[in-house]
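>>> here is my input, please return the structure:
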Amino acid sequence: MTQTPAPKDAPAAESAVAADDVAAIAAQLGRVPRGLRAVAHRCPCGLPDVVETAPRLEDGSPFPTLFYLTCPRAASAIGTLEADGVMKEQTARLAEDPELAAAYQRAHEDYIARRDAIEVLEGFPSAGGMPDRVKCLHVLVGHSLAAGPGVNPLGDEALAMLPEWWRKGPCVCAGAGEGGSGAEGCDK
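Numbers count the residues shown, from 1 in each chain. Here you go, the predicted model:
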């Protein structure tokens with residue numbers, strides 16, 4: 001697989017991402033990805049569904065979302081969970097369940113350690129509301145997919161609630177370019 005440098009707006013120290021992955025991510029997002037460092041997880045369809053982003057963009061602005069969910073089908077399904085009140089229910093359980101709160105604290109520490117290994121963002125929290133509340137299931141699921149099961153209990157829980165978003169095939173065609181489904185026969 002041919003490797004190309006990360007997009008122009010990404011910091012120079014970032015790792016290379018394959019051109020077809022960059023094209024697929026851009027098609028998923030409807031824009032060129034910012035701060036792209038690596039593909040952090042692949043959907044069962046083969047396309048990236050979570051990317052690792054730089055803690056700070058090229059212009060110096062902080063971007064604390066280390067694991068960014070890119071798949072529009074997964075994002076839509078997670079949005080449905082959020083609309084159904086899952087975040088509120090999970091936040092309430094954090095206040096009532098000390099074991100869950102401790103596991104979520106460890107998830108927060110894992111997230112910060114992974115981000116700090118790239119660049120320390122002084123004064124910036126982890127993401128998704130960690131460690132005290134649930135603010136964004138997209139971030140928690142992205143962390144769970146990138147880090148693997150058992151690291152983020154609420155991300156794992158939300159992931160288990162999702163339908164199999166990949167069953168219809170890829171959300172975009174690899175190499176489709178920004179905003180398009182590209183090839184004939186590709187399900188968008």
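
>>> who are the contact partners of the nearest residue to L162 once chain neighbours are set aside?
Taking C-beta to C-beta, 6 or more residues apart in numbering, and ignoring the residues beside it in sequence, L162 has A77 as its nearest neighbour in space, at 4.9 Å. To be clear about C-beta, it is placed using only N, CA and C from the backbone, and glycine gets the same treatment. Under the criterion of C-beta atoms under 8 Å, 6 or more residues apart in numbering, the contact list for A77 reads L162, P163, W165.

>>> can you tell me which of the residues you listed are buried?
Buried members of the contacts of A77, scored by 16 or more other C-beta atoms under 10 Å, are W165.

>>> just give me the longest helix of this structure.
For the chain, the helix that runs over the most residues, judged by DSSP state H, is helix 98-116.

>>> tell me how far that helix lies from the chain's centre.
16 Å (C-alpha atoms, centre = their mean, to the nearest Å).

>>> from H108, how far out is D59?
As defined by C-beta to C-beta, to the nearest Å, D59 lies at a distance of 27 Å from H108.

>>> of the two, who's got more company?
When D59 is set against H108 and neighbours are counted by other C-beta atoms under 10 Å, the residue ahead is H108, at 20 against 8.

>>> next, count neighbours for W166.
For W166, the count of nearby residues is 18 (other C-beta under 10 Å).

>>> check A24 too.
As a burial measure, A24 scores 28 neighbours (other C-beta under 10 Å).

>>> what about it, which helix or strand?
With the criterion set as DSSP states H and E, the secondary-structure element containing A24 is helix 19-29.
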